[in-house]
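Participant: Prediction below, plus the sequence it came from.
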Amino acid sequence: MKILFLGDVTARSGRDAVKRRLPELKNETGADFTIINGENAAHGKGITSSIYRQLMEAGADVVTLGNHAFSKSEIRSAMAECPYLIRPANLEPKEDGRAWIVRECLGKRIAVVNVLGSVFMDAATEDPFVTMDNLLNEIEADVILCDLHAEATAEKELFLRVYQDRLAALIGTHTHVQTADEQIYHGCAYISDAGMCGPFDSILGRDCVEVADRLVHKRLTKYTPSEAEAMICGVLIEVDDNTCRAVSIRRIQERP
């Protein structure tokens, strides 16, 4: 089984690139199951139900979120209409949406879990290790993949060591910069950060001039996503059908 994971979709540029490229990418890689992190898809922060539907129509099986999950207030009331959208388990308000989902693929039950890291992150309302322990006690699946939306590489690496035997894949998101540390660790596919599907000529997806005006020239500005052409970043994971353990992980990075 091949699982395709695309990193943080950011703003219109990223959305358009994913919608245009994903169908071909699935064919080229032979992906059986596709997960997309969409937490920055709406103007660089958050997601809307309309954008969720666009990502699903493009070929996603599950859409994950992160610390900006509820940045667009509309999504809170629309969660029930987005059955394959999951939000971090340790993010308030916990009553809105779901933190994990199980879908069937090739006769296997695939669980996708969303958790926030706590190091250098102020959004997490519960220790991610406590959260993950509780989730794993609830979930029954053949393959479990976790999107750990976190800042610190060390926290992600510790998460790998703690849950290596219970997860088939641990994929880091949030920093928008793809790391070169992909590996199979005791049957668990891992990368510190899958990277960003968003404008390549940008500051993590944000307009370079606007960021300079704000931080260098101390001008009051409004958050402005870059409109530059997007890059596509993610990973392709292969899971053994018999053992349900990961056997390979490959980085994907396509620059304009």
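Facilitator: Perfect, thanks for sending it. Residues are numbered from 1 along each chain as shown.
Participant: From now on I want contacts and neighbour counts done on CA atoms only, so please keep to that.
Facilitator: OK.
Participant: What are the boundaries of the helices in the stretch 101-250 of the chain?
Facilitator: Here the stretch 101-250 of the chain has its helices, by DSSP state H, counting those that start in this stretch, at 128-138, 153-163, 208-215.
Participant: what's the shortest one in contact with?
Facilitator: Looking back up the chat, that one is helix 208-215. With contacts defined as Cα atoms under 8 Å, 6 or more residues apart in numbering, helix 208-215 is touched by 201-203, 219-224, 226.
Participant: How far off centre is stretch 189-200?
Facilitator: Counting by Cα atoms, centre = their mean, to the nearest Å, stretch 189-200 is centred 8 Å from the centre of its parent chain.
Participant: That one spans what distance, first to last residue?
Facilitator: Using Cα to Cα, to the nearest Å, one end of stretch 189-200 lies 26 Å from the other.
Participant: what's the answer for stretch 221-230, then?
Facilitator: Rule used - Cα to Cα; the end-to-end distance of stretch 221-230 is 23 Å.
Participant: just to confirm, which helix or strand has residue 28 in it?
Facilitator: helix 11-29 (DSSP states H and E).
Participant: what does that helix contact?
Facilitator: By Cα under 8 Å, 6+ apart, helix 11-29 touches 4, 9, 32, 40-45, 54-55, 58-59, 197-199, 205, 225-232, 236.
Participant: May I see the PyMOL selection of the buried members of these?
Facilitator: Command for PyMOL, covering only those of these found buried under the criterion 16 or more other Cα atoms under 10 Å:
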select buried, resi 4+9+40+41+42+43+44+45+54+55+58+59+197+198+199+205+225+226+227+228+229+230+231+232+236
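Participant: So which of the contacts of helix 11-29 belong to strands?
Facilitator: Per DSSP state E, strands hold the following members of the contacts of helix 11-29: 4, 9, 197-199, 230-232, 236.
Participant: Per-residue pLDDT of residue 165, please?
Facilitator: On pLDDT, residue 165 comes in at 97.
Participant: quick one: contacts for the spatially most central residue of the chain?
Facilitator: Geometric centre of the chain, nearest residue: residue 37, 3.0 Å, by Cα atoms, centre = their mean. Contacts of residue 37 were listed using Cα under 8 Å, 6+ apart, and they are 5-9, 63-66, 173.
Participant: could those be laid out in a markdown table, adding distance to residue 84 and pLDDT?
Facilitator: Rendered in a markdown table, the data for these read as follows (distance: Cα to Cα, whole Å; pLDDT from 0 to 100):
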| residue | distance to residue 84 | pLDDT |
| --- | --- | --- |
| 5 | 15 | 98 |
| 6 | 15 | 98 |
| 7 | 17 | 97 |
| 8 | 16 | 98 |
| 9 | 16 | 98 |
| 63 | 6 | 98 |
| 64 | 9 | 98 |
| 65 | 11 | 98 |
| 66 | 15 | 97 |
| 173 | 18 | 98 |
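Participant: Widest-spaced pair of those residues?
Facilitator: Among the contacts of residue 37, the pair separated by the greatest distance (Cα to Cα) is 5 and 66, at 14.8 Å.
Participant: Which PyMOL command selects the buried ones in the contacts of helix 208-215?
Facilitator: The following PyMOL command selects only the buried members of these, with burial defined by 16+ other Cα under 10 Å:
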select buried, resi 201+202+203+224+226
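Participant: of the contacts of helix 208-215, closest to residue 144?
Facilitator: Nearest to residue 144 among these, with distances taken as Cα to Cα, is residue 203, at 32.5 Å.
Participant: If I look at that closest one, what pLDDT would I see?
Facilitator: At residue 203, pLDDT is 96.
Participant: Pull the contacting residues for it.
Facilitator: residue 211.
Participant: what pairs with it across the strands?
Facilitator: residue 206 (DSSP bridges).
Participant: Roughly how far does it sit from residue 214?
Facilitator: 12 Å.
Participant: now residue 128
Facilitator: 33 Å.
Participant: Just want to know which of these two has more residues nearby.
Facilitator: Taking neighbours as other Cα atoms under 10 Å, residue 128 and residue 214 compare with residue 128 leading, 22 against 14.
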